[in-house]
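Asker: Output the structure for:
(one chain, ligands or ions: 1)
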Amino acid sequence: MALVVSKLEKSIGTITLNHHEKLNCLNRELITQTIQALHEFERAKAKAVVLRAMPGAKVWCAGHDVNELPLAGDDPLGYTIPFEQLLRQVIAFPAPVIALIEGGVWGGGCDLALSCDILIGTNTVSFTMTPAKLGIPYNASGLNHFIRVMGLHKVKEMLFTAQPVPAEDALRVGILNHLVSRDEVDTFTYELASRICRNSPLAVQVIKAQLRFLTQGHLMPVEAFEEIEATRRRVYQSADYREGITAFKEKRAPEFKGQ
Ligand code: YZS
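Answerer: Next up is the predicted model:
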């Protein structure tokens, strides 16, 4: 089944997440198909890409497929997992990737959205960052995606509380570029993409690449990185991590013991 539908028209590639039964949660197959679509658009020299869910979706993306997260021991967000590859591909894609967002965005879905270059949403949008709720030590590259878009205190509130950031707030804190009505969001997004396409693709590509390098974060001493990884390992090997994932699958509130 096509979990992703892609088409290229007038140099604009569109990737539509199409697994609405599971609220476009990021399972391996959906990620692989998205990666393939991006490769095809890159080969075809697309000048902009729109990443969206089906029109009118209540959930844009429900985040990682929790059933595919390792129960304990392995890093759930390691550098080589397909999801991290997808994020790096979006960030390094040689043309702007525009997220057209309707509905809720959860966990890894927020990371995917924030990895895009421009975000356009309707008033049904909300962003909920869930790792603390599931007992997951989010990774440093992912946190950096948030820090380079939003103010630090907002990032902290979003991750510590795991509460939804509604559309108006998302606009105010800089997650969304534009908040547009449901009726206008398609036209608005494709007009913006067309405007980009009329400009020099080489200039746009190089500006995007420079901005990526300039905002990639500060050099970190090797020891600090090792320390971060060691503390993350302690969390994903903990009883609380197992409890977070198990509670989600059993559809109950987790009972964290801090161990
Ligand atoms: O029962 P069926 O088979 O119909 O499947 C249900 C859900 O189990 C499934 N589904 C998911 N399956 C795996 N992983 C998911 N993340 C996921 N989300 C949903 O989709 C079917 C429809 O879902 P319902 O719950 O029945 O729909 P509804 O009552 O409308 O509720 C919608 C929400 C979005 C509120 C609900 O599905 C939900 O809470 N989903 C989980 C959202 C979430 O916590 N996502 C973050 C996952 N974690 C991560 O991305 C990272 C690891 S982290 O947390 O570190 O950022």
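
Asker: how about the residues of the stretch 51-200 of the chain near the ligand?
Answerer: Residues of the stretch 51-200 of the chain lying close to the ligand by CB under 6 Å from any ligand atom are 59, 62-67, 69, 76, 104, 106-108, 130-131, 134, 136, 138. From N, CA and C alone the C-beta is placed, and that goes for glycine too.

Asker: Among those, filter down to the buried ones and hand me the PyMOL syntax, if you would.
Answerer: Filtering these down to the buried ones (16 or more other CB atoms under 10 Å) takes a single PyMOL command:
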select buried, resi 59+62+63+64+65+66+69+76+104+106+107+108+130+131+134+136+138
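
Asker: Filter the residues of the stretch 51-200 of the chain next to the ligand down to just the ones in helices.
Answerer: G108, P131, L134 (DSSP state H).

Asker: nearest to T32, of those residues?
Answerer: Of all those, T32 sits closest to G108, with 15.0 Å by CB to CB.

Asker: what's that closest one in contact with, if anything?
Answerer: Neighbour list for G108: L26, C61, G63, H64, F83 [criterion: CB atoms under 8 Å, 6 or more residues apart in numbering].

Asker: okay, the residues you listed in JSON lines with pLDDT and distance to V165 next?
Answerer: Shown next, in JSON lines, are the contacts of G108 (pLDDT from 0 to 100; distance: CB to CB, whole Å):
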{"residue": "L26", "pLDDT": "98", "distance to V165": "19"}
{"residue": "C61", "pLDDT": "98", "distance to V165": "15"}
{"residue": "G63", "pLDDT": "98", "distance to V165": "14"}
{"residue": "H64", "pLDDT": "97", "distance to V165": "19"}
{"residue": "F83", "pLDDT": "97", "distance to V165": "21"}
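
Asker: Spatially, which two of the residues you listed are the most separated?
Answerer: Checking the contacts of G108 with CB to CB, the most distant pair is C61 and F83, at 11.2 Å.
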